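J.: could you work out the structure for the sequence below:
(one chain, ligands or ions: 1)
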Amino acid sequence: MKMKIMKNGKFTSKAKGHNSDVDLTIRLSDGRIEDVDINVEGESSSRNDAVVAQLSKQIIEKQSDNLDAVTGATETSNAVRRALTNCLSQAQGSDSISKKKSLKDGVYEETVPSYSLIAPMTGRVTIKDNTIKDIEIISEKDSQGSPWFKRAQSKLIPRLLESQSLDTDAITGASASSGAIKAIIEKAINDAGGNSDQWHTPVAKKDNTVVKKGYDVIVVGLGGSGILSYCSAADNGARVFGIEAAGGIGGNSISTSGPMVVNSKIQSKKYNDGQDNINEKDLYDTWIDYVKTDKKADVIKKAIEEDGPALDYYMKKFGFSFDGAAFGMSAGYYPSFVRPDWDKEWTIYSADNNHWYSESEPDHLPTFQNALDKAKMMNPANDYQLELKATEFIKDNENKVIGVRAKSYDGTKYEVYGKAIVLASGGFIGNKEMMRQVYGHTCHVFGSTVAQGDGIKMGQSAGGTTYALGTLPMIHISQVPNIIRDASLTPDQKAILSALATTSDAKKLDETGQILESKDESGTDDAKITVGIAYAPGFKYFNAYTKADLDKIKTSGLSDEMASVIIILLDQGGKLPASGVPVKDLDKILDEAIKHGDAWKGTPAKLAKDLKMDEEKLTKALGDSEEEYYLFEADSYAYATCGGLDVDVNMNVLRKDGTPIENVFAVGQDSEGVENRSGQAYTPWGGQAQAWTFVSGKIAGENAAKVK
Ligand SMILES: Cc1cc2nc3c(=O)[nH]c(=O)nc-3n(C[C@H](O)[C@H](O)[C@H](O)COP(=O)(O)OP(=O)(O)OC[C@H]3O[C@@H](n4cnc5c(N)ncnc54)[C@H](O)[C@@H]3O)c2cc1C
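T.: Just a heads-up that it's a prediction; the model follows:
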C-alpha cells in the first residue's frame, strides 16, 4: 500500500497469525512511520525474534506494507503485514479491506511446507462463483508421525468451507497441519487472481453457556494420565466427565515408547520366567539418592510398589499391552540415561493394528481410545468432550471447588459441576511465560504445546502448592534452532546441517563465545555432558568451523564421528553420507542455514556482534581475529515439563501447610515434581514419566470416585 497519510498519531491493529493474534502498533509523524511495535509472543515459531527484528526494520526502511516474509515464519510475517495494511488504512481514513477481488473458477493444486520434515503437503482447491467449494489433500506425510493431520483434515476443512475465512481457528493440538491446509487455500486464492488478505473475515463465535450437573468426577485433560484416571474412576462406580482441549484424545502419551515396569506379574511371566525384573529396594535407594531428599519418600515408595499392579490392572481391565524390555539399553544405547544393569526396567507399548509410526514408535492411540470407550460405557451418564478447554474452577461461597469452567472452540462456555476434579493437563511446556518464570528461559518443544499450565494454575487457585516445579523439562534432543520445513534443502542436506550443528568432534562454544566446559547433563555427580545434547532450557552451544574445515568436508567428506551422529527424531528427514564421501553441495547447505538462522559466518568481531557474544572471549576461542569462521547452533528440544503440583500418596493436591484438598487431585505431568528435584534433570531411568501416568491415574481415579 502506498503512503498517502491523512492522519498522524498511533495506530494499532491485530491479525491472526499461526496460532495467535499478532499485534502491531505504529506511530506516524509528518506522514512517516517513526516507530513500530510488533508483538508475536503468542506464536509458537522459534523465529519470533527474527520476525520482530527483520519486519520492524523493513517497515521503517520501506515505509510501506510491501514486506518480505521472514524465512521459516511465513504465516506470522503475513499476519504482521495484514495488521500493517490495516494501520495504514486507518491513517488514510479508509477501511483496509476493499471489495473482494473476483476469483477465476478452477481447480488449483498447491504445495506448501507442513509439520512433516520429510515431505510437504499438496492439496487441490476447487473454486467456483468466488467461493471455495472443495479442499482435498492429495499428499502429505504429517500423518506418518502422528494422528494430528487427520484431526485437522476431518475437522478444519468443513469449517473452512462453511466460514469461507482464513481466520478460522486452527484445530488445537494440530496447528501445524491446520496452518498448511490454510496456506494451500491462500495460495489457491492468489493463483485464482484474488487477494488472500481479503479472505480473513472474522469468524462469528457463540456466546451461550451450557451447564452440566451431576458428575462425581471431572477429569481435566484426556491425555494418558487423564484417560487412566477416567478409567479407574468409572471402574470404581463414579459418573465421570472428561474435558479435552485438543481435537483428539491422548496428548503426548500416544507418542511415547512406554512406561517403566516394576515387577508386573503379567510382564514377568511373559518375559522373565516369572522372576522379578528389578529389585525394588535398589530402585528406591537409587531414587532417593538421586533426589537427595526423603521429603516425598512415601510417594516414591508408592510409585515403585504400585507400578506393577497398575500396569497389570490396565492390561487386564482396559486392554493395554506391552512388549518386552525396550531398546538395547544394556548394550549402552543410552549410556547415561539409565543404569546399565537395569536392562529390563523399561517396556514399550505393543503396536496396535500392526501400525508403527516409525521404526520405534508404535501407534497406540487405538489402545487409549478403546480404554476410554470402555470406561465411558460403564455408566450411561459418563461422557467427555473434545475441543473444550478448561479455564478455571467453579467454587462455592466457602471456596470449595465444585466444578470447572471451560470454553469450546466455537465460543460456547461450559460449566461442569462435580464432586471431585482430577487435573491431568500435561504440565506447562506450551506456556513460554511460565517457562521463563520457572527456568529463566524457554526451550523448543518436541511434542504437544497444548499443555499450558492450566491444571497447575487451577490447583494453585484452590490453595494448592507446587513441588519441584523447577525440575528440568524432558530434554533428549538437541537440534538446530530453526528446523527447515520448506524445500530449500533436500532431506539429506538437512541431515548434514544437523550433523554439523551437533557432532561432538567440532570445537564447541557456549553462548558467551568461550570454549564450552563440560556440563553435568543428568544431575548425577559423575555424569559428563552427553555429547551433542543441549540439556536445559536456554542452554545452547555452537559448533565452530574454519573455512579450511568446511573445504575439507567438501573434498574429503564428513569425519567418522560426524557421519555417525544419531539425530534422533528431529532428523530433518534425510540420511547422512558415509564418512569420506565428498559433500559437494556444502555451500548451498551453508547459505540456507544462514538464511534460516541456524548458522552464522564472519570474523570473530562480526560473529560477536551478531550473536551478542563477548568479542574478546570469542576471538580467543576461535584463534584469529582476521579469519572468517562458521558457527552452527544447537538448541534443546523438550517433550514436556516435569514439575507440578504437590500431591500426597492419594494424589490429593496439597496446600502449603501439607494438608490435602479433599476433592482436588493431580496426575501425570501436572504432579510429576514429587518424584524429582528442582533444577535437576528428571529421574534418568527410562519410562519413569509414563509409569507415573499409570500409577497416579489409577490412584487418583480410585480416590476421586470415593469423594462424597
Ligand atoms: C515424543 C515423546 C516421547 C515420549 N516418550 C516417553 C517414553 O517413552 N516414556 C516416558 O515415560 N515418557 C515419555 N514421554 C513423556 C510423556 O510426555 C509423559 O509420559 C506423558 O505423556 C504425560 O502424560 P500426561 O497425561 O501428563 O500428559 P499428556 O498425555 O500430554 O496429556 C495432557 C492432556 O491435557 C490436555 N489439556 C491441556 N490443557 C488443557 C485444558 N486447559 N483443558 C483440557 N485439556 C487440556 C492436552 O491436550 C492433553 O491431551 C514422551 C513424550 C513425547 C512428547
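J.: hey, let's count contacts and neighbours off CA atoms from now on
T.: Noted.
J.: residues contacting residue 541?
T.: The contact partners of residue 541, by Cα atoms under 8 Å, 6 or more residues apart in numbering, come to 508-511, 516, 534, 633-635.
J.: got the phi/psi numbers for residue 28?
T.: With angles defined as degrees, to the nearest 10, residue 28 shows backbone torsions of phi -110, psi 140.
J.: beta partners for it?
T.: Using DSSP bridges, the bridge partners assigned to residue 28 are residue 9, residue 33.
J.: isn't it right next to residue 10, touching?
T.: Yes - assessed by Cα atoms under 8 Å, residue 28 is found in contact with residue 10 at 6.4 Å.
J.: looking at these two, which is more packed in?
T.: residue 28 (19 against 16; other Cα atoms under 10 Å).
J.: residues near whatever residue of the stretch 501-650 of the chain ends up closest to the ligand, how many?
T.: Relative to the ligand, the nearest point of the stretch 501-650 of the chain is residue 639 (4.0 Å; Cα to the nearest ligand atom). Neighbour count of residue 639, defined by other Cα under 10 Å: 19.
J.: these two touch, right, it and residue 443?
T.: No - counting by Cα under 8 Å, residue 443 is not a contact partner of residue 639; they are 10.2 Å apart.
J.: which residues in the stretch 51-200 of the chain form strands?
T.: 106-112, 121-128, 131-139 (DSSP state E, counting those that start in this stretch).
J.: tabulate these (TSV), appending distance to the ligand.
T.: Below are the strands of the stretch 51-200 of the chain laid out as TSV (distance: least, Cα to the nearest ligand atom, whole Å):
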stretch	distance to the ligand
strand 106-112	24
strand 121-128	22
strand 131-139	24
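J.: which one of those strands lies closest to residue 364?
T.: strand 131-139 (23.6 Å; Cα to Cα).
J.: any stretches of the chain with poor pLDDT?
T.: Low-confidence segments of the chain (pLDDT under 70): 1-6, 94-98, 145, 325-338, 351-363, 517-533, 566-573.
J.: still on that earlier bit, now render the strands of the stretch 51-200 of the chain as JSON lines, adding mean neighbour count.
T.: Formatted as JSON lines, the strands of the stretch 51-200 of the chain follow (neighbours: other Cα atoms under 10 Å):
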{"stretch": "strand 106-112", "mean neighbour count": "19"}
{"stretch": "strand 121-128", "mean neighbour count": "20"}
{"stretch": "strand 131-139", "mean neighbour count": "16"}
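J.: would you reformat those strands as JSON lines and include distance to residue 173?
T.: Below are the strands of the stretch 51-200 of the chain laid out as JSON lines (distance: least, Cα to Cα, whole Å):
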{"stretch": "strand 106-112", "distance to residue 173": "20"}
{"stretch": "strand 121-128", "distance to residue 173": "18"}
{"stretch": "strand 131-139", "distance to residue 173": "19"}
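J.: show me what from the stretch 351-500 of the chain comes close to the ligand.
T.: Neighbours of the ligand within the stretch 351-500 of the chain, by Cα under 6 Å from any ligand atom: 389-391, 424-426, 446-447, 450-452, 454.
J.: out of the strands of the stretch 51-200 of the chain, nearest to residue 660?
T.: Ranked by Cα to Cα, the member of the strands of the stretch 51-200 of the chain that lies closest to residue 660 is strand 121-128, at 50.0 Å.
J.: just how off-centre is the closest one within its chain?
T.: Remark: strand 121-128 is offset 29 Å from the chain centroid, using Cα atoms, centre = their mean, to the nearest Å.
J.: which secondary structure elements does it contact?
T.: With contacts taken as 3 or more Cα pairs under 8 Å, 6 or more residues apart in numbering; DSSP states H and E, strand 121-128 sits against strand 106-112, strand 131-139, helix 175-191.
J.: tell me the angle it makes with strand 106-112.
T.: Interaxial angle of strand 121-128 relative to strand 106-112 (axes from the mean of the first three to the mean of the last three Cα atoms, to 10 degrees): 160 degrees.
J.: quick one: name the residues of the stretch 551-700 of the chain near the ligand.
T.: Residues of the stretch 551-700 of the chain lying near the ligand (Cα under 6 Å from any ligand atom): 639-640, 668-670, 687-691, 693.
J.: 8 Å - rerun?
T.: Within the stretch 551-700 of the chain, the positions lying close to the ligand (Cα under 8 Å from any ligand atom) are 638-640, 667-670, 686-693.
J.: may I ask which of those has the most neighbours?
T.: Comparing these by number of neighbours (other Cα under 10 Å), residue 667 comes first, having 35 neighbours.
J.: OK, contacts around that residue?
T.: Neighbouring residues of residue 667 by Cα under 8 Å, 6+ apart: 225-226, 422-424, 651, 692-693, 696-697, 700.
J.: what's the answer for residue 670, then?
T.: 423-427, 453, 455-456, 642-645.
J.: and the buried ones among those residues, selectable in ChimeraX?
T.: In ChimeraX, a selection of the buried entries from the contacts of residue 670 looks like this (16 or more other Cα atoms under 10 Å):
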select :423,424,425,426,427,453,455,456,642,643,644,645
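J.: turn the contacts of residue 670 into a markdown table, including distance to residue 147.
T.: Conversion of those to a markdown table gives the following (distance: Cα to Cα, whole Å):
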| residue | distance to residue 147 |
| --- | --- |
| 423 | 24 |
| 424 | 20 |
| 425 | 19 |
| 426 | 18 |
| 427 | 21 |
| 453 | 23 |
| 455 | 24 |
| 456 | 27 |
| 642 | 24 |
| 643 | 27 |
| 644 | 27 |
| 645 | 30 |
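J.: which pair of the residues of the stretch 351-500 of the chain next to the ligand spans the longest distance?
T.: Maximum distance among these (Cα to Cα): 24.3 Å, for 391 and 446.
J.: where exactly do the helices run in the stretch 251-400 of the chain?
T.: 265-271, 280-291, 297-318, 365-377 (DSSP state H, counting those that start in this stretch).
J.: and what of the stretch 551-700 of the chain?
T.: For the stretch 551-700 of the chain, the helices defined by DSSP H, counting those that start in this stretch cover 560-563, 586-595, 604-610, 615-622, 688-706.
J.: could you dump these into a markdown table and include distance to residue 239?
T.: Listed next are the helices of the stretch 551-700 of the chain as a markdown table, based on distance: least, Cα to Cα, whole Å:
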| stretch | distance to residue 239 |
| --- | --- |
| helix 560-563 | 56 |
| helix 586-595 | 54 |
| helix 604-610 | 59 |
| helix 615-622 | 63 |
| helix 688-706 | 8 |
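J.: need the winner for burial among these.
T.: helix 688-706 (a mean of 26; mean count of other Cα atoms under 10 Å).
J.: list the helices and strands it packs on?
T.: strand 209-220, helix 224-235, helix 297-318, strand 413-423, strand 660-666.
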